[in-house]
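Peer 1: pasting the sequence and the predicted model now:
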Number of protein chains: 2
Amino acid sequence: MPELRKDPVLSRWIIIAKERSKRPTDFVVEEFKSKAGFCPLCPGHEKTTPHEVLVFGRDVGASSNSGGWKLRVVPNKYPALVIEGDLDKQGEGLYDRMNGIGAHEVVIESPNHEDRFSDLPQDSMYLVFLAYRERIRDLAKDDRFRYVMIFKNHGMAAGASLEHSHSQLVALPILPRMVTSELEGSLSYFKYKDRCIYCDIIRQEVQQSIRIVCENEHFVTLSPFAPRTPFEMWILPKKHSSSYADLDEKSMYSLAEIFSESLRRLDTCIPGVPYNFVLHTQPLRSPNLDHYHWHFEIVPKLTSIAGFEWGSGFYINSMPPEDTARYLREVF
Amino acid sequence: MPELRKDPVLSRWIIIAKERSKRPTDFVVEEFKSKAGFCPLCPGHEKTTPHEVLVFGRDVGASSNSGGWKLRVVPNKYPALVIEGDLDKQGEGLYDRMNGIGAHEVVIESPNHEDRFSDLPQDSMYLVFLAYRERIRDLAKDDRFRYVMIFKNHGMAAGASLEHSHSQLVALPILPRMVTSELEGSLSYFKYKDRCIYCDIIRQEVQQSIRIVCENEHFVTLSPFAPRTPFEMWILPKKHSSSYADLDEKSMYSLAEIFSESLRRLDTCIPGVPYNFVLHTQPLRSPNLDHYHWHFEIVPKLTSIAGFEWGSGFYINSMPPEDTARYLREVF
């Protein structure tokens, strides 16, 4: 079974997923597995994935794990965490560990192997964001889990191991540091100002408009004031909300629209750019928070800047966000 | 001039080094610059680097910036921070920025272009660690600086842009988050137990011995309990010390010995592995701290695991540190 371990100094949890382990000689640059010709995420291969937990677009009455779908969510065949078992926390001298209970799912975003996420029609992208919401709502019922982390690796340099467009979801029995740091930072601002810091950021950004990439009725895409990398983008809802799971269908269409536009701008600027995006939202079953504001962070993975930064939390970025925003605004 | 910017939620400082900026079309995988045949770090090309700030091995009386050296430290020709100017802090609405005052230097570790750091004779490696200490001591006299970060990118995948073996040093007017997080975490343990957490870690690790890679009189190399990546290693002094700058010459030979052995074990396990290492030490001009313990962290950069982890602070690692340590122990 996988295991969660906490760094005793930093309180940073990591997952040891030994089932996915390799021998030292296996650490070589991998080709996409699907290059060999067989893609487990393609229609017709439904039986090669674990049994689906959510499906959109298949006719009512058709049998599950069959074709005719627009989107499927299936458990990861090589999960970093496993769903069966009770939480078991243990100490080992000054260390803390926990057995690796959780869910690890794959959102297959389209039946078409060749579709890239950024090229999906708006209706298909809408289904992806709907799937995120439905899975969070469903996993929130399991009180062993405290957080659902949703992310996408696009391109091999960003860690994708399958070419077929997909994102991933990990339900965790702990809060990742990314979340606790944001909750603490935004709470400390709230205590001082009695306002949501993200709402203040949006207000200032819209007024200054130098770091805005694009906006629509419900959302704004901006390059943050202190970005880690060139072309980093955040997508935030204009109306205060701490929980992605509360998003209504109308806003979800609006999210699909701005997400698609933002990624197409990025991909036009740097064709074929690999990237990661991560959904930042409140912990499961938390009451709505006045100080926190859900959003997406999109971080391009540009080989020339990969370095010690990722390991040290200290970033040197060659591109001011004002330039990023200008390039992305002017590309169309 | 470069600029430091603080993320308002996370209090994470980043450097915007616009002088190093590129146009979007320039973000392509780069060949090592020296592949073109000319290496600015090689003997005979001393005049192409900025004027050296430290040199070892050249005859007394020989002119500076000439040949005959064993190690040189020179300012980075494309610095992320610049040395001239006064600190100037500014607000911009809710944001904080600072002009990019600092030092950015390159430690040229050997006159031989083909030498890899891990293959350096122990005497040459000793000079590298001596250079680190001398530069920290010198830069500490400049009270605009609060921290000296020393790191190495080995291999293109780890961010090295020149093939000739070198490490880098950045003197900063702020404390990077890596340091503040470690100082806070170790202080909180100290308040509770009245002991240094790193000393306790070493004691437990030596006793359990399952995560120990190797040790000598003064140092121990271990794979940490909660590693971010396969083959992550830390090198710690056995005797409590919070400041690398206090290291004596005898211990420095011992450090060269264990560093060399640890890297050779790693490189034998995964030939040609790219890696980063970072020196973690106390802030400049700090009194010695009972709760903090300087050390090196070595993080291999294995392409197959590069992913969203680096952006989110949430890591999935396929190799338990007990396996890492066993592989590295048994490789010779």
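Peer 2: Everything's here; your move.
Peer 1: list the buried residues for the one helix or strand A:Glu257 maps to?
Peer 2: Under the criterion of DSSP states H and E, A:Glu257 resides in helix A:249-269. Neighbour counts over helix A:249-269 (16 or more other C-beta atoms under 10 Å in any protein chain shown) mark A:251-267, A:269 as buried. Heads up, the C-betas are built off the backbone N, CA and C, glycines and all.
Peer 1: contacts for stretch A:123-130?
Peer 2: Contact partners of stretch A:123-130, identified using C-beta atoms under 8 Å, 6 or more residues apart in numbering or on different chains, comprise A:56-57, A:70-71, A:107, A:109-110, A:115, A:117, A:120, A:167, A:247, A:249, A:252-253, A:255-256, A:259-260.
Peer 1: near chain B, which of the buried residues of helix A:249-269 show up?
Peer 2: Among these, proximity to chain B is found for A:Cys269 (C-beta under 8 Å from any C-beta of the partner chain).
Peer 1: pLDDT weak spots in chain A?
Peer 2: Low-confidence segments of chain A (pLDDT under 70): A:19-36, A:303-308, A:310-311.
Peer 1: where do the helices sit along it?
Peer 2: With DSSP state H as the criterion, chain A has helices at A:122-139, A:177-193, A:197-208, A:249-269, A:309-312, A:321-330.
Peer 1: can you redo those helices as JSON lines with distance to A:Lys18?
Peer 2: Listed next are those as JSON lines, based on distance: least, C-beta to C-beta, whole Å:
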{"stretch": "helix A:122-139", "distance to A:Lys18": "24"}
{"stretch": "helix A:177-193", "distance to A:Lys18": "22"}
{"stretch": "helix A:197-208", "distance to A:Lys18": "38"}
{"stretch": "helix A:249-269", "distance to A:Lys18": "35"}
{"stretch": "helix A:309-312", "distance to A:Lys18": "22"}
{"stretch": "helix A:321-330", "distance to A:Lys18": "39"}
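Peer 1: tell me the most buried of the ones you listed?
Peer 2: Mean neighbours per residue, mean count of other C-beta atoms under 10 Å in any protein chain shown, is largest over the helices of chain A for helix A:309-312, with a mean of 21.
Peer 1: quick one: is stretch A:6-13 near chain B?
Peer 2: Yes. Taking C-beta under 8 Å from any C-beta as the criterion, stretch A:6-13 and chain B are in contact, through A:Lys6, A:Asp7, A:Pro8, A:Val9, A:Leu10, A:Ser11, A:Arg12, A:Trp13.
Peer 1: do stretch A:142-152 as well
Peer 2: Yes. Stretch A:142-152 comes into contact with chain B (C-beta under 8 Å from any C-beta), by way of A:Met149, A:Phe151, A:Lys152.
Peer 1: next, count neighbours for the second one.
Peer 2: What that stands for is A:Phe151. Residues lying near A:Phe151 (other C-beta atoms under 10 Å in any protein chain shown) number 22.
Peer 1: just to revisit the earlier point, narrow the residues of stretch A:142-152 next to chain B to those in strands?
Peer 2: A:Met149, A:Phe151, A:Lys152 (DSSP state E).
Peer 1: report the contact partners of the second one.
Peer 2: Pointing back at A:Phe151 there. By C-beta under 8 Å, 6+ apart, the contact list for A:Phe151 reads A:Ser167, A:Gln168, A:Val170, A:Asn276, A:Phe277, A:Val278, A:Leu279, B:Phe308, B:Ser312.
Peer 1: please apply the same query to the last one.
Peer 2: In this structure, A:Lys152 makes contact with A:Phe117, A:His166, A:Ser167, A:Gln168, A:Tyr275, A:Asn276, A:Phe277, B:Phe308, judged by C-beta under 8 Å, 6+ apart.
Peer 1: beta partners for A:Glu92?
Peer 2: With DSSP bridges applied, A:Glu92 shows beta-bridge pairing to A:Tyr95.
Peer 1: neighbours around it, how many?
Peer 2: Using other C-beta under 10 Å, A:Glu92 has 11 neighbouring residues.
Peer 1: quick one: it from A:Pro8, how far?
Peer 2: Here the criterion is C-beta to C-beta, to the nearest Å. By it, A:Glu92 lies 11 Å from A:Pro8.
Peer 1: what's the answer for A:Ser186, then?
Peer 2: Note on A:Ser186: its distance to A:Pro8, by C-beta to C-beta, is 26 Å.
Peer 1: quick one: which of the contacts of A:Lys152 is most hemmed in?
Peer 2: Of these, with other C-beta under 10 Å as the count, A:Tyr275 tops at 27 neighbours.
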